[in-house]
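# need coordinates for the following:
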Amino acid sequence: MAIQRLPEGKLNHLQKKILATLLFLAAYRMGSFIPVPGVNTVALNEFFRTQGSNLLGMFNMFSGGALGNFSIFALGVAPYISASIIFQLLTVVLPYFEQLSKEGEAGRRKITQYTRYGTVVLAIVQGFMISTALESANIAGIPLVLEPGLSWKLLSVVSLTAGTAFVMWLGERITEKGVGNGISLIIFAGIVSSLPKVMANTYTQYSSQQITLVLILLILLVCAAVIAGVVYIEQGQREIPIQYAKRQVGRKVYGGQSSYLPIRVNTAGVIPPIFASSLLQFPVTGAQMLPDSRVSGFINQFFVPGGWLYNAVFVFLIIFFAFFYTSIVFKTDDIADNLQRNSGNIPGIRPGQKTADYLQKILARLTLVGGVYLAAICIFPTIFMSRFSVQFSFGGTSLLIVVGVALETFRQIDAHRQSLRYDSFVSKGTIRARRR
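Here you go, the predicted model:
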């Protein structure tokens with residue numbers, strides 16, 4: 001059955017949203033290939049090719065190669081994510097931001113505005129740090145910056161900050177005008193854009209007998225298992241029964257229905273790995289700033305993907321952000337109050353604080369399972385890659401983000417399709433009523 005009949009050449013609102021999303025993502029990908037003036041792109045590509053096994057290479061993959069090209073979008077959405085983490089922490093620490101978070105849409109807009117300002121400030125700081133590190137770096141004695149100096153550094157910081165602001169604007173426009181979460185889709189596009197290069201490198205390694213066909217099949221099997229696990233857990237939820245009491249208003253009786261409150265196993269989604277990966281960028285940036293220090297040597301030796309210290313910190317941050325973000329988006333006290341105001345209750349649980357405590361207990365257990373699941377998905381492929389010495393980009397964080405963002409985007413597309421069917425049904429009913 002057709003969703004909606006339209007005159008030839010016209011698009012419905014879902015098709016317009018999808019088209020707008022693709023155009024915004026295309027603009028982001030084009031900007032990823034515009035380098036900051038004064039950079040030796042050939043030497044820079046060689047530098048990132050040889051440094052592809054550390055965190056710098058991982059963030060280059062997340063940016064879709066923009067960092068490797070040192071393009072105007074080299075910082076990507078990292079400053080925005082860091083600013084979001086800071087202001088979400090402030091909503092818990094400072095009463096002013098906590099009050100703003102409770103003021104509804106107006107408060108959220110105010111926090112969003114502060115987040116934008118924080119993004120610009122962090123972009124300036126990170127742009128200065130990465131520009132300073134790039135000036136002192138070289139590959140085989142060839143400098144990465146053609147004419148280093150204060151003027152180039154100023155140009156670099158301005159370009160990177162402007163690029164980050166534009167990427168932030170693109171993400172907000174995708175969320176508003178397109179389908180899905182704009183920031184997540186930008187990260188998704190950056191990861192997916194590297195897949196053709198990964199496949200080409202794999203074929204080259206196979207042709208030169210660096211890896212065997214059995215290893216390739218094993219890698220594909222692990223990828224399929226990880227994807228299946230992500231889809232299975234992301235669809236999982238705990239359904240808590242809700243019973244609404246009957247109440248009489250005049251001659252009519254309201255309520256009495258039974259419903260349920262769904263709580264997802266992974267309520268935080270892909271946010272914890274993204275937040276954790278963003279925070280792990282700071283040690284790398286510090287190591288690039290002070291390449292000759294002892295701290296830099298320690299980071300370069302131990303704090304790399306596959307190392308025990310990196311894995312331990314990564315797991316801790318993922319589980320921490322799983323609990324932290326879930327506590328922000330799922331407030332059990334507010335849900336308990338809403339149920340009590342609407343004469344709803346959980347069978348066997350007293351309304352009010354007892355309901356909030358019961359929901360908090362269930363949420364803590366599900367969040368622990370979700371956090372462990374996220375950590376396992378992100379760490380296992382890294383250990384696998386280190387064990388079998390796989391030389392191309394392959395990580396659980398990438399698969400988790402790609403699959404999670406794809407599932408969420410398809411949910412929104414399906415919701416829009418249902419809306420179109422409903423609008424079509426209502427319009428047909430209105431036409432039939434007029435004819436009668």
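
# which other helices and strands contact the helix or strand containing Val42?
According to DSSP states H and E, Val42 maps onto helix 41-50. Applying 3 or more C-beta pairs under 8 Å, 6 or more residues apart in numbering; DSSP states H and E, one finds that helix 41-50 makes contact with helix 55-62, helix 66-69, strand 138-139. C-betas here are computed from N, CA, C, even on glycine.

# repeat that with 7 Å
helix 66-69, strand 138-139 (3 or more C-beta pairs under 7 Å, 6 or more residues apart in numbering; DSSP states H and E).

# buried ones in the longest one?
Neighbour counts over helix 66-69 (16 or more other C-beta atoms under 10 Å) mark 66-69 as buried.

# which residues touch the helix or strand that that helix is followed by?
Next helix or strand after helix 66-69 toward the C-terminus (DSSP H and E): helix 78-93. Helix 78-93 is contacted by residues 97-98, 101, 111, 114-115, 118-119, 122-123, 126, 164, 168, 183, 274-275, 278, 281, 328 when judged by C-beta atoms under 7 Å, 6 or more residues apart in numbering.

# and the buried ones among those, selectable in ChimeraX?
A single ChimeraX command suffices to select whichever of the contacts of helix 78-93 are buried according to 16+ other C-beta under 10 Å:
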select :97,101,111,114,115,118,119,122,123,126,164,168,183,274,275,278,281
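
# hey, where'd the strands end up in the chain?
138-139, 142-143, 237-244, 247-249, 252-254, 258-264, 344-345 (DSSP state E).

# who does the last one pair up with?
Read that as strand 344-345. strand 237-244 (antiparallel) (DSSP bridges).

# could you check the angle the partner strand makes with strand 258-264?
Put simply, strand 237-244 runs at 150 degrees to strand 258-264, going by axes from the mean of the first three to the mean of the last three C-alpha atoms, to 10 degrees.

# contacts for strand 237-244 next, please.
255-265, 339, 342-347, 362, 366.

# show me this structure divided up by domain.
Structural domains annotated on the chain: 11-193, 225-418, as defined by automatic domain parsing.

# contacts only, for the residue nearest the centre of the chain.
Nearest residue to the geometric centre of the chain (C-alpha atoms, centre = their mean): Ser184, 4.2 Å. If a contact means C-beta under 7 Å, 6+ apart, then Ser184 has 270, 405 as its contacts.

# how much space between it and Arg294?
38 Å (C-beta to C-beta, to the nearest Å).

# same check, this time on Gly404
38 Å.

# what does Lys354 give?
Remark: distance between Lys354 and Arg294 (C-beta to C-beta) = 55 Å.

# who's more crowded, those two?
Neighbours per residue (other C-beta atoms under 10 Å) separate Lys354 from Arg294, with Lys354 holding more: 13 against 8.

# mind pulling up the pLDDT for the more buried one?
With respect to pLDDT, Lys354 scores 88.

# one more: Ile362?
Looking at Ile362, the pLDDT reads 91.

# count the neighbours of it for me.
Ile362 has 16 nearby residues by other C-beta under 10 Å.

# okay but it is in contact with Ile263, surely?
Yes. Taking C-beta atoms under 7 Å as the definition, Ile362 is a contact partner of Ile263 at 6.5 Å.

# so where's the stretch 101-250 of the chain uncertain?
246-250 (pLDDT under 70).

# mind listing the helices for it?
105-136, 150-177, 182-192, 195-207, 213-235 (DSSP state H, counting those that start in this stretch).

# among the ones you listed, which is nearest Gly31?
helix 150-177 (6.7 Å; C-beta to C-beta).

# make TSV out of the buried residues of helix 66-69 and add distance to Gly307.
Shown next, in TSV, are the buried residues of helix 66-69 (distance: C-beta to C-beta, whole Å):
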residue	distance to Gly307
Ala66	26
Leu67	21
Gly68	22
Asn69	27
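
# which one of those residues is nearest Ile216?
Gly68 (24.8 Å).

# what's around the residue lying closest to that closest one once chain neighbours are set aside, how many residues?
With sequence-adjacent residues excluded and distances taken as C-beta to C-beta, 6 or more residues apart in numbering, Gly68 is closest to Phe48, at 4.0 Å. Per other C-beta under 10 Å, the neighbour tally for Phe48 reads 19.

# neighbours around Phe384, how many?
18.

# quick check: the closest residue to it other than its chain neighbours vs Val403, distance?
Computed as C-beta to C-beta, 6+ apart, the closest residue to Phe384 that is not its neighbour in sequence is Val222, at 6.0 Å. Distance from Val222 to Val403, counting by C-beta to C-beta: 14 Å.

# state the mean pLDDT of the helix holding Val42.
When pLDDT is averaged along helix 41-50, the result is 75.

# contact partners of it?
35, 57, 60, 68-70, 137, 139, 142, 144.

# tilt between it and helix 105-136?
100 degrees.

# pLDDT below threshold where in the stretch 251-400 of the chain?
Ranges of the stretch 251-400 of the chain meeting pLDDT under 70: 251-256, 281-282, 284-293, 295-298, 300-302, 304-306, 386, 388-396.

# which stretches of it form helices?
Using DSSP H, counting those that start in this stretch, helices in the stretch 251-400 of the chain cover 271-279, 281-289, 294-302, 308-329, 332-341, 353-388, 396-435.

# please identify the deepest-packed of those helices.
helix 271-279 (a mean of 24; mean count of other C-beta atoms under 10 Å).

# return it as PDB; C-alpha atoms alone will do.
Provided in PDB are the C-alpha atoms of helix 271-279 (Å, rounded to 0.1, in the frame of the first residue of the first chain):
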ATOM      1  CA  ILE A 271      27.200   8.000  24.200                       C
ATOM      2  CA  PRO A 272      29.500   6.300  26.800                       C
ATOM      3  CA  PRO A 273      32.000   5.000  24.200                       C
ATOM      4  CA  ILE A 274      32.000   8.400  22.400                       C
ATOM      5  CA  PHE A 275      32.500  10.300  25.700                       C
ATOM      6  CA  ALA A 276      35.200   7.800  26.800                       C
ATOM      7  CA  SER A 277      37.000   8.100  23.500                       C
ATOM      8  CA  SER A 278      36.900  11.900  23.600                       C
ATOM      9  CA  LEU A 279      38.500  12.000  27.100                       C
END
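
# distance between that helix and the chain's centre?
8 Å (C-alpha atoms, centre = their mean, to the nearest Å).

# please apply the same query to stretch 334-349.
33 Å.

# how much space between the closest residue to Gln99 other than its chain neighbours and Gly118?
The shortest distance from Gln99 to any non-neighbouring residue, by C-beta to C-beta, 6+ apart, is to Gly107 (7.5 Å). In this structure, Gly107 and Gly118 are 16 Å apart, going by C-beta to C-beta.
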